[in-house]
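**Q** Kindly return the folded structure for what I paste below:
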Amino acid sequence: MNSETPPGPRERLYRRERQSVPATRAFTRRALVDWNVRRRADDILLCVSELTTNALLHGVPPGRGFLLRLVPYGDDDGGVRIEVHDSGDGVPALREPDEGGRGLLLVSELADKWGVEEREPGKIVWCEFGGV
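**A** Next up, the predicted model:
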């Protein structure tokens, strides 16, 4: 992320529909190109797909949407934080691979850190990638 002016966060609201997942990847890809992020870009895109898919399947009530927020941090060799805000109940948790979804398992393996924060209503599921 070499730039004289640090890039600012980017965010976009998405509706509860299947087309939102590829749209989040395209939005993220554009941001990463603009921020000159090359290293770990594929991992970031995969985690965006997993977190937004989880939001659609488990976190977004009918008639609602979710917010994808991308936050760059640091200067040279900085990082990117992904946040998915939804208004659903429940807290996501890692599952054993034979119990179904592998999304958070992938996120936990690829990202440097991940977690869940409360918000009213709902939650924010996030992950971070350093050294991008």
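
**Q** buried sites along stretch 57-64?
**A** For stretch 57-64, burial by neighbour count (16 or more other CB atoms under 10 Å) applies to 59, 60. From N, CA and C alone the C-beta is placed, and that goes for glycine too.

**Q** can you list contacts of that stretch?
**A** Outside stretch 57-64, the residues within contact range by CB atoms under 8 Å, 6 or more residues apart in numbering are 16, 66, 84, 86, 87, 88, 90, 92, 101, 122, 123, 125.

**Q** rerun that using 7 Å as the cut-off
**A** Contacts to stretch 57-64, defined as CB atoms under 7 Å, 6 or more residues apart in numbering, come from residues 16, 66, 86, 87, 88, 90, 122.

**Q** Out of the residues you listed, which two are the most distant from each other?
**A** The largest separation in these, counting by CB to CB, is between 16 and 90 at 15.8 Å.

**Q** Show me which of those two is the more surrounded one.
**A** Ranked by neighbour count (other CB atoms under 10 Å), residue 16 and residue 90 place residue 16 first, with 17 against 11.

**Q** Show the contacting residues for the more buried one.
**A** Contacts for residue 16 (CB under 7 Å, 6+ apart) come out as 56, 60, 62, 64, 65.

**Q** Let's see that with 6 Å instead.
**A** Listed by CB atoms under 6 Å, 6 or more residues apart in numbering, the contact set of residue 16 reads 60, 65.

**Q** Backbone dihedrals for it, please?
**A** Residue 16 adopts backbone torsions of phi -80, psi 80, taken as degrees, to the nearest 10.

**Q** before we move on, the earlier item: of the contacts of stretch 57-64, buried ones?
**A** Of those, these count as buried by 16+ other CB under 10 Å: 16, 66, 86, 87, 88, 122.
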